[in-house]
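K.L.:
Predicted structure and sequence below. I'll ask about it afterward.
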Amino acid sequence: MYELKTKENDHSVIEFIEQVENPKKREDAYKLLDIFTETTGYSAKMWGPSIIGFGSYHYKYESGHEGDAPLVGFSPRKAKVSLYFATGDTEREALLQELGKHTAGKACVYINKVADIDVDVLRKLINQSVEFLRAAYPNP
């Protein structure tokens, strides 16, 4: 059976951020930590070795695959900072158009630095994602 690699764990978020080599990226990670914590009201938790997640939800697909995932999160990667939001919500695309300089994959939004984006729009994306996932996957 498939074993999900990205699980919530007890590793220290602060220790993880302190290991970010680039000082500017480390500074941005602390800014994002504050923004995500204030916006969600959730404490930051490590998910897998490199994702800082906030809140969680349990999903189950029609295929039978199920697991737990953070409602929102980010990861200060070497190349870019990855932001994790819900997929499938039409409001996401409209908000992304207002976000500022970024690229987007299916589930991730990539930014170079916090200064490139509109933090108010980031907060809206965070809230929209949490609301969307709470509605789509109400906790039993």
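P.N.:
Structure's in. What do you need?

K.L.:
Only C-alpha atoms from now on, for both contacts and neighbour counts.
P.N.:
Fine.

K.L.:
Work out which residue lies at the spatial centre of this structure.
P.N.:
Gly73 (1.8 Å; C-alpha atoms, centre = their mean).

K.L.:
and that residue, that's in a strand?
P.N.:
Yes - secondary structure of Gly73 (DSSP: H, G, I helix; E, B strand; the rest coil): part of a strand.

K.L.:
Dig out what it forms beta bridges with.
P.N.:
Beta-bridge pairing for Gly73 (DSSP bridges): Gly53, Tyr84.

K.L.:
Equivalent analysis for His58, please.
P.N.:
Beta-bridge partners, per DSSP bridges, of His58: Asp68.

K.L.:
So it versus Arg134, what's the distance?
P.N.:
10 Å (C-alpha to C-alpha, to the nearest Å).

K.L.:
do Val13 as well
P.N.:
Separation of Val13 from Arg134 (C-alpha to C-alpha): 24 Å.

K.L.:
who has more neighbours, the two?
P.N.:
Val13 (19 against 15; other C-alpha atoms under 10 Å).

K.L.:
tell me the contacts of the more buried one?
P.N.:
44-46, 52 (C-alpha atoms under 8 Å, 6 or more residues apart in numbering).

K.L.:
again, only this time at 10 Å
P.N.:
Val13 sits next to 30, 33, 43-47, 50-53 when contact means C-alpha atoms under 10 Å, 6 or more residues apart in numbering.

K.L.:
Filter the residues you listed down to the buried ones, PyMOL style.
P.N.:
Here is the PyMOL command that selects the buried residues among the contacts of Val13 (16 or more other C-alpha atoms under 10 Å):
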select buried, resi 30+33+44+45+46+47+50+51+52+53
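
K.L.:
could the contacts of Val13 be laid out in JSON lines, adding secondary structure and pLDDT?
P.N.:
Below are these laid out as JSON lines (DSSP: H, G, I helix; E, B strand; the rest coil; pLDDT from 0 to 100):
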{"residue": "Tyr30", "secondary structure": "helix", "pLDDT": "98"}
{"residue": "Leu33", "secondary structure": "helix", "pLDDT": "98"}
{"residue": "Ser43", "secondary structure": "coil", "pLDDT": "97"}
{"residue": "Ala44", "secondary structure": "strand", "pLDDT": "98"}
{"residue": "Lys45", "secondary structure": "strand", "pLDDT": "97"}
{"residue": "Met46", "secondary structure": "strand", "pLDDT": "97"}
{"residue": "Trp47", "secondary structure": "strand", "pLDDT": "96"}
{"residue": "Ser50", "secondary structure": "coil", "pLDDT": "95"}
{"residue": "Ile51", "secondary structure": "strand", "pLDDT": "96"}
{"residue": "Ile52", "secondary structure": "strand", "pLDDT": "97"}
{"residue": "Gly53", "secondary structure": "strand", "pLDDT": "97"}
